[in-house]
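K.L.:
Need coordinates for the below:
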Amino acid sequence: MKIISIISVEAGAGKVKDGDTILCGGFGMTGNPVHLLHALAQTTTKNLTYIGNNVGESKLGGGRLLLNGQIKKMVGSFFTSNPDAVRAAQNRNVEYELLPQGTLGEAIRAGGMGIGGFFTPSSVGTKLAEGIEIRNLNGSDQVFVPSIRGNIAFIRAWKADTVGNLIYRLTEQNFNPAMATAADVVIAEVEEIVEVGELDPNQIHTQACFVDYLVVAKLEEQDLGSSASVKGSLKKVDGNRMSIAKRALKELKKGDIVNLGIGIPTLIADLIKSDDGIILHTENGMLGVGPEPEDGSGAMHNPVNAGKIPVTALPGASYFDSTTSFGMIRGGHIDVAVMGALQVDSHGNLANWAVPGKPLLGVGGAMDLATGANKLIITMMHLNKEGISKIVNQCTLPLTALNAVDMIITDLAVFVIDIDQLILTELMPGSSIEEVRVKTEGPFVERIG
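P.N.:
Reported below is the predicted structural model:
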C-alpha cells in the first residue's frame, strides 16, 4: 500500500524551486490552497509561472506572491478581481497569458491525461485566437489549445485519508481535481486527514495515485476573502438593475437549465422560487443554485456562485469540478445563458471582457458560454458610464463571440436579434420610443406589441 508523507506548509512551500511552473487551485478564495501559498510567500523563491483561474485577492493566496515580485508570469482566466494583478500587468512587472475559463480547465485536464492538446470553438474570432491554428470541425471553426502541465500543484481538499485519497466539499472542487493530475509533484492542503478505509470509496474525487504530499491546514473566515460573507461580496443592487433582472426572469421556463453571469444576471437568482422549476448552473461547479443564505453567512458554510457570492443549494443540487461544468456548457446542455455586455451589435456580436488601452485580464467563462449555450440573453444598462450607447452598429471593443446574442434587455427596452436584424419588441417601464431612438446607435426595427 502506498505511504504518503504528511508535511508542514513550510515544507510544502520548500518543494517549489526558482523558475518552477505552479498550478494553484481555487475559484477566488474558494478551494484555494491559501496556507501553502502564504508559506511560499515567506520564501525567496522567484521567477515563478503561476497558473490558476485568478491570482487570489489582494494580499491573499497568490496575491502575496504577486506583491512580493515572486511571479514572472501568470496564466489564467480572470485576473481582474485582483487590482494588484491589473497594476502589475499595466506596469509590465509581470507577463500574462489569458485563456477562456473552460479552455484553461480543459487544457489542465488534458495535460493530466497525457493528451497533447484539443480543439474548441471558444474564442474563435477574438483577440485570444490571433495567431493560433484554426480548423473547421463538425461545421464550426475551432482553435487549437495545447495541454498544460506544471512542476508543482498546490490544491485544496476537504478531507484526505492516510494514503492520499481526497474528497472536496461544495464548490471547492473547481480547478483542484484537474490540477491534481497535471503536475510532477502534487501537494494537497486539507482540513482533516483520516485513517485509510474511513472514506467511502464511492465519494472519493481525487485518487491517491495523483497525490504526493499532504498538509493539514484549517480554514478560517479570513482566508475566504470577499466570499467570507454575503455582505462582503461584490454584489450591486439598485432599482434599474433589479428591473432588468425581473424582465429577464420572464424569459426562463420551467425545466430550463440556466447559467447566470456576474453583475446584473446574479440578481435573477434571488427572484427564482423553488416551484418555478428553473435549474441554475454556475461554471465553478454547481447545478441547482439557490438564493443567498438568509443568515448572510459565507463560503465557510455555503457554496459560492461564479460571482463569488455565497448561495444555497436547492433540493436535487449537485457539485462537480470546473472541467465537467464547462463540458456541460460546450456540450450544449445549458438551455439559457444570461450575461452582461460592454457592446452588442445588430449581428449578435458580443463584446464584454476588455477595453482598449487596458490590460486584457478578465475573460472568465464568457467565451465558452456565448458559444455553448443554446440561447444567450444580454442584460445591461443601455448606456455606458460616458452616456454612450452599448447597442452599436458594429462592435469596436474586443469581441467575446461572433453572432451569439439572441436577446438584449436594458433599462430602456427589449430587443431580439433575428438574421442580423435588431428588433425592438418592448419598452421598459418609464421609457419611450423617442428615448430609445435617441440613445441607441445601432439600427433597429420596431415591432412592439
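
K.L.:
where does the chain dip in pLDDT?
P.N.:
Along the chain, the model assigns pLDDT under 70 to residues 1-2, 232-237.

K.L.:
Residue 446 reaches residue 426, doesn't it?
P.N.:
No - assessed by CB atoms under 8 Å, residue 446 is found out of contact with residue 426, at 10.5 Å. All C-beta spots, glycine's among them, are computed from the backbone N, C-alpha and C.

K.L.:
how does the chain divide into domains?
P.N.:
5-218, 239-446 (automatic domain parsing).

K.L.:
Residue 230: which of the ones you listed is closest?
P.N.:
domain 239-446 (4.5 Å; CB to CB).

K.L.:
What is the end-to-end distance of the closest one?
P.N.:
26 Å (CA to CA, to the nearest Å).

K.L.:
do stretch 38-50 as well
P.N.:
End-to-end distance (CA to CA), stretch 38-50: 14 Å.

K.L.:
Distance from it to the middle of the chain?
P.N.:
Chain-centre distance of stretch 38-50: 25 Å, with CA atoms, centre = their mean, to the nearest Å.

K.L.:
ok, residues contacting that stretch?
P.N.:
With CB atoms under 8 Å, 6 or more residues apart in numbering as the test, stretch 38-50 has contacts from 9-10, 12-14, 16-22, 24, 61-62, 64-66, 68-76, 150, 154.

K.L.:
so what's residue 415 up against?
P.N.:
Contacts of residue 415 by CB under 8 Å, 6+ apart are 391, 407, 408, 422, 423, 424, 425, 444.

K.L.:
bridging residues for it?
P.N.:
residue 408, residue 424 (DSSP bridges).

K.L.:
swap in residue 117?
P.N.:
Beta-bridge partners of residue 117, as defined by DSSP bridges: residue 146.

K.L.:
Tell me where the stretch 151-300 of the chain has strands.
P.N.:
166-167, 183-194, 213-216, 257-260, 279-282, 286-289 (DSSP state E, counting those that start in this stretch).

K.L.:
Need the contact partners of the fifth one.
P.N.:
Translated: strand 279-282. 171, 255-260, 269, 272, 287-290, 305-306, 311, 325, 328, 334.

K.L.:
how about 7 Å then?
P.N.:
257, 258, 259, 260, 269, 287, 288, 289, 305, 306, 328, 334 (CB atoms under 7 Å, 6 or more residues apart in numbering).

K.L.:
can you put the residues you listed in JSON lines and add neighbour count and distance to residue 370?
P.N.:
Shown next, in JSON lines, are those (neighbours: other CB atoms under 10 Å; distance: CB to CB, whole Å):
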{"residue": "257", "neighbour count": "19", "distance to residue 370": "16"}
{"residue": "258", "neighbour count": "26", "distance to residue 370": "15"}
{"residue": "259", "neighbour count": "28", "distance to residue 370": "11"}
{"residue": "260", "neighbour count": "30", "distance to residue 370": "14"}
{"residue": "269", "neighbour count": "23", "distance to residue 370": "20"}
{"residue": "287", "neighbour count": "22", "distance to residue 370": "20"}
{"residue": "288", "neighbour count": "19", "distance to residue 370": "23"}
{"residue": "289", "neighbour count": "26", "distance to residue 370": "20"}
{"residue": "305", "neighbour count": "28", "distance to residue 370": "18"}
{"residue": "306", "neighbour count": "27", "distance to residue 370": "14"}
{"residue": "328", "neighbour count": "19", "distance to residue 370": "15"}
{"residue": "334", "neighbour count": "25", "distance to residue 370": "11"}
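
K.L.:
Pick out the most distant pair among the residues you listed.
P.N.:
Top of the distance list for the contacts of strand 279-282 (CB to CB): 269 and 328, 17.7 Å.

K.L.:
Going along the chain, name the helices of this structure.
P.N.:
Counting by DSSP state H, residue ranges of the helices within the chain are 9-13, 34-40, 62-68, 83-90, 101-112, 176-179, 239-249, 264-269, 322-330, 366-372, 433-439.

K.L.:
okay, the last one in PDB with CA atoms only?
P.N.:
Listed next in PDB are the C-alpha coordinates belonging to helix 433-439 (Å, rounded to 0.1, in the frame of the first residue of the first chain):
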ATOM      1  CA  ILE A 433     -39.800  55.100 -28.200                       C
ATOM      2  CA  GLU A 434     -38.300  58.500 -28.700                       C
ATOM      3  CA  GLU A 435     -35.800  58.000 -25.800                       C
ATOM      4  CA  VAL A 436     -34.800  54.600 -27.200                       C
ATOM      5  CA  ARG A 437     -34.200  56.000 -30.700                       C
ATOM      6  CA  VAL A 438     -32.000  58.800 -29.400                       C
ATOM      7  CA  LYS A 439     -30.000  56.500 -27.100                       C
END
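
K.L.:
tell me what that helix is packed against?
P.N.:
Packing partners of helix 433-439 (3 or more CB pairs under 7 Å, 6 or more residues apart in numbering; DSSP states H and E): strand 422-427.

K.L.:
From the contact counts, what lies against the strand it packs on?
P.N.:
strand 413-417, helix 433-439, strand 445-446.

K.L.:
tell me the most buried of those?
P.N.:
Among these, strand 413-417 has the highest mean neighbour count (mean count of other CB atoms under 10 Å), at a mean of 23.

K.L.:
what angle separates that one from helix 239-249?
P.N.:
40 degrees (axes from the mean of the first three to the mean of the last three CA atoms, to 10 degrees).

K.L.:
Just want the angle from strand 413-417 to strand 422-427.
P.N.:
Using the same axes, to 10 degrees: strand 413-417 against strand 422-427 is 150 degrees.
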